[in-house]
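# sequence unknown, structure follows:
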Ligand code: ADP
Ligand code: MG
């Protein structure tokens, strides 16, 4: 047999390696800015076009490169930062693998201009897809400027995989935050499509946080500081009342390198235990100085994951120090932070299961009531009551709705798969509740049976009968579907009904949240929010959609921001779609909410008036049917 193994050509190998280093524009930003920091720059400029898809440029005033170094820097495993494996244990640079520039050059058009200090002229190198195009002597500023254009131009699969500009820009901003927070002594600026996004003068840690996240951040910060033999810890946490639903500002830096450490994150969360609401996240900016020998930064190619020799000790120190700071600033009751179980009792209340209230009886509910008692229309109960945030937990309505007219849908349906048919059935909602209609309905009902219309089971399901058996509806998912379709419709036809607020609601957000909110503003107005033009870091809401309560507004926005940041739901196509999902999720009745009969019926009616009643906006079934036959089989 002939030999078949070959060495891959360099440019192919580089392209493969690039996949590890460069996942998206933000990865390029990270590598280039870190190189600038390593080069000792005191001023770094980041210039972005179209979320980095067209251009990523980093300009620094660092030490620059000689002609030879400039050329060599694009070779794989070419680095000035380590010489031997031992150097890995005393790292104080960001880079050391010597892979970044080679990888980036393999999958983009790169132009580098660089001049070392004390040299008259500099070097320009252009590379496209790993091929050297030009190298010339140029007059250029001291330091280095690297422009990366048309990222992934030769890897269409990667290019197509990129998310929207908004999402990619967020990732870039995240990287920018990380590196600029780690180096407050360096001046940073960032521009996107010609707009000045950040301009950060050299400062201290606290000012840097405030300059990035907004002037109101200052009063939120509680300093943390601890000096031990193994670890020097400094930084800030947000006061507990500023814990957010989204995971916003959570930063660990080890020796001035941003790292992710779920374990240490947990230490901070543990320190906040009992002080913040469930499902909210504390904000923190914590800087750890550790002997580089006891850290291994090399376990991940992009180097944000990290391994410590003695994680347990670090955990204990961090938890205690944060707890202590919160206590010192009179934020927490001052407790011994050396974990005295006796003293800890108040905290542990939080973890106790809320005791389940004993069975609640709906006084209005009468399974044996006579149909004849029912009068009027369901309009009051239907639709308009759904989505009412104020009354969500009680849903007390002073009258019972009429029987569930949606049952008419099933009259005459075969016993086949009912769910398959639901979406194709038209309903004429105007007739709902009309006497004549009821007559038709009940003709089909077996005589002498009590006319039970709906019943809430375990505060989670709405059970109701249909001709062929029964339907069990998941109240939360069903309501999500109803709200989702309603908001989507409102955004499409721009017809949201707004209720004017007597006292406008003023909310504060960071600059990056404001950017996101300004993109969502239009859609929010379509569904009934009235929002004044944005000021610095403040939004003023003068009207809200009808059916939404004032107290829910900040939660809605919080959830919107969280969803849009986390790219959840991931597979959504449009902004309106994602927004409708997010609002539906926030405002839908929950498992555990008691629905009175009118609300139950309204929900059922609304659900089956939906275009796709069978699934929630998140693709989960909203109801199941159990036919008489199914039941009969069970009794065999
Ligand atoms: P690494 O940073 O891991 O060493 P890179 O591929 O990122 O590898 O860079 C290769 C080398 O190019 C660096 O070691 C450094 O000597 C040089 N270099 C890269 N960017 C700059 C810059 N902005 N200023 C000066 N030198 C640079
Ligand atoms: Mg590097």
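Structure received. In this text the structure is predicted, and so the values were computed from the model without any measurement. Ligands and ions are numbered 1, 2, ... in the order given.
# and for residue 472, the neighbour number?
When neighbours are defined as other C-beta atoms under 10 Å, residue 472 has 15 of them. (Each C-beta comes from the backbone N, C-alpha and C, glycine too.)
# host element of it?
In the assignment (DSSP states H and E), residue 472 maps to strand 469-474.
# packing partners of the following helix or strand past that strand?
Downstream of strand 469-474, the next assigned helix or strand under DSSP H and E is helix 475-493. Under the contact criterion of 3 or more C-beta pairs under 8 Å, 6 or more residues apart in numbering; DSSP states H and E, helix 475-493 touches strand 461-466, helix 511-526, helix 575-587, helix 597-608.
# and the ones you listed, which is most packed in?
helix 597-608 (a mean of 26; mean count of other C-beta atoms under 10 Å).
# I'd like the next helix or strand past it.
Using DSSP H and E, the first helix or strand after helix 597-608 is strand 623-627.
# picking up where we left off before, for the helices and strands packed on helix 475-493, give me CSV that also has mean pLDDT.
Output for the helices and strands packed on helix 475-493, formatted as CSV (pLDDT from 0 to 100):
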stretch, mean pLDDT
strand 461-466, 90
helix 511-526, 85
helix 575-587, 86
helix 597-608, 89
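# quick check: which of the ones you listed is nearest to ligand 2?
The minimum distance between ligand 2 and the helices and strands packed on helix 475-493 falls on helix 511-526, with 25.4 Å, by C-beta to the ion.
# contacts for the closest one?
Identification of contacts with helix 511-526 by C-beta atoms under 8 Å, 6 or more residues apart in numbering yields 166, 170, 173, 177, 197-198, 212-214, 248, 490-491, 494-496, 509, 531, 534, 536-537, 539, 557, 560-561, 564-565, 575-576, 579.
# at 6 Å instead, please
Residues outside helix 511-526 that contact it (C-beta atoms under 6 Å, 6 or more residues apart in numbering) are 173, 214, 490-491, 494, 496, 531, 561, 564, 575-576, 579.
# could you do stretch 458-465 as well?
Here stretch 458-465 has contacts from 404, 454-457, 471-473, 475, 591-592, 594, 600, 604, using C-beta under 6 Å, 6+ apart.
# thinking again about what came up before, please name whichever of the helices and strands packed on helix 475-493 is nearest to ligand 1.
helix 511-526 (25.7 Å; C-beta to the nearest ligand atom).
# residue 135 contacts residue 125, doesn't it?
Yes - using C-beta atoms under 6 Å, residue 135 makes contact with residue 125 at a distance of 5.0 Å.
# more neighbours, those two?
Using other C-beta under 10 Å as the criterion, residue 135 and residue 125 rank with residue 125 on top: 23 against 14.
# SS state for that one?
strand (DSSP: H, G, I helix; E, B strand; the rest coil).
# so it bridges to which residues?
On the basis of DSSP bridges, residue 125 is bridged to residue 112, residue 135.
# who's in contact with it?
70, 112, 135.
# make TSV from the helices and strands packed on helix 475-493 and add distance to ligand 2 to it.
Below are the helices and strands packed on helix 475-493 laid out as TSV (distance: least, C-beta to the ion, whole Å):
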stretch	distance to ligand 2
strand 461-466	56
helix 511-526	25
helix 575-587	35
helix 597-608	55
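# write out the residues of the stretch 301-450 of the chain neighbouring ligand 2.
Within the stretch 301-450 of the chain, no position lies close to ligand 2 (C-beta under 5 Å from the ion).
# poorly predicted segments of the stretch 301-450 of the chain, please.
301-303, 330-450 (pLDDT under 70).
# how about 80 then?
For the stretch 301-450 of the chain, applying pLDDT under 80 flags the ranges 301-307, 309, 328-450.
# so the nearest residue to residue 45 once chain neighbours are set aside is in which element?
Nearest residue to residue 45 in three dimensions, chain neighbours excluded: residue 59, at 4.3 Å (C-beta to C-beta, 6 or more residues apart in numbering). In the assignment (DSSP H and E), residue 59 maps to strand 55-60.
# same check, this time on residue 65
Of the helices and strands defined by DSSP H and E, none includes residue 65.
# find the nearest non-adjacent residue to it, please.
In space, residue 65 is closest to residue 114, 4.6 Å off (C-beta to C-beta, 6+ apart).
# kindly report the same for residue 166.
Residue 166's closest residue in space is residue 519 (C-beta to C-beta, 6+ apart), at 6.4 Å.
# and for residue 575?
residue 523 (6.0 Å).
# quick check: that neighbour vs residue 64, distance?
Remark: distance between residue 523 and residue 64 (C-beta to C-beta, to the nearest Å) = 47 Å.
# what are the buried residues along the host helix or strand of residue 264?
In the assignment (DSSP H and E), residue 264 maps to helix 262-271. Within helix 262-271, the residues that qualify as buried are 264-265, 267-271, counting by 16 or more other C-beta atoms under 10 Å.
# tell me which parts of this structure are close to ligand 1?
31, 35-36, 39, 60, 62-65, 73, 78-81, 95-101, 144 (C-beta under 6 Å from any ligand atom).
# those, buried ones only, as a ChimeraX selection?
This is the ChimeraX syntax for the buried subset of those, where burial follows 16+ other C-beta under 10 Å:
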select :31,35,36,39,60,62,63,64,65,73,79,80,81,95,96,97,98,99,100,101,144
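# sitting in strands, which of the residues of the chain next to ligand 1 do you find?
Judged by DSSP state E, the residues of the chain next to ligand 1 include 60, 144 as members of strands.
# that older thread, mind giving me the ChimeraX command for buried ones among the contacts of helix 511-526?
With 16+ other C-beta under 10 Å as the criterion, this ChimeraX line picks the buried residues out of these:
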select :173,214,490,491,496,531,561,564,575,576,579
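# so which bits of the strand holding residue 472 are buried?
Buried-residue list, strand 469-474, by 16+ other C-beta under 10 Å: 469-471, 473-474.
# likewise stretch 477-492?
477-491.
# how far off centre is that stretch?
Centroid separation for stretch 477-492 versus its chain: 21 Å, with C-alpha atoms, centre = their mean, to the nearest Å.
# which other residues reach it?
Contacts for stretch 477-492 (C-beta under 6 Å, 6+ apart): 386-387, 496, 523, 526-527, 576, 580-581, 583-584, 587-589, 603, 606-607, 610, 616-617, 620, 622.
# stretch 271-286 too?
By C-beta under 6 Å, 6+ apart, stretch 271-286 touches 209, 235-238, 240, 243-245, 247, 249-252, 268, 319, 322-323, 332, 347, 350.
# ok, back up a step: after the helix holding residue 264, heading C-terminal, what element do we hit next?
That would be, after helix 262-271 and using DSSP H and E, strand 284-289.
# what pairs with that following strand, parallel or antiparallel?
In the sheet, strand 284-289 lines up with strand 232-238 (antiparallel), strand 250-254 (parallel) (DSSP bridges).
# pLDDT of that strand, averaged?
Averaged across strand 284-289, the pLDDT comes to 96.
# return the angle between stretch directions for that strand and helix 262-271.
Orientation note: strand 284-289 sits at an angle of 120 degrees relative to helix 262-271 (axes from the mean of the first three to the mean of the last three C-alpha atoms, to 10 degrees).
# going forward, begin numbering at 255 instead of 1
Sure, I'll start counting at 255 from here, so that last one is strand 538-543.
# list the buried residues in strand 538-543.
538-542.
# can you name the next helix or strand after it?
strand 549-550.
# domain map for this structure?
264-454, 464-552+560-582, 692-880 (automatic domain parsing).
# and those as CSV, adding distance to residue 258?
Shown next, in CSV, are the domains of the chain (distance: least, C-beta to C-beta, whole Å):
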stretch, distance to residue 258
domain 264-454, 16
domain 464-552+560-582, 34
domain 692-880, 41
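# just the closest residue of the stretch 355-504 of the chain to ligand 2, please.
residue 355 (7.0 Å).
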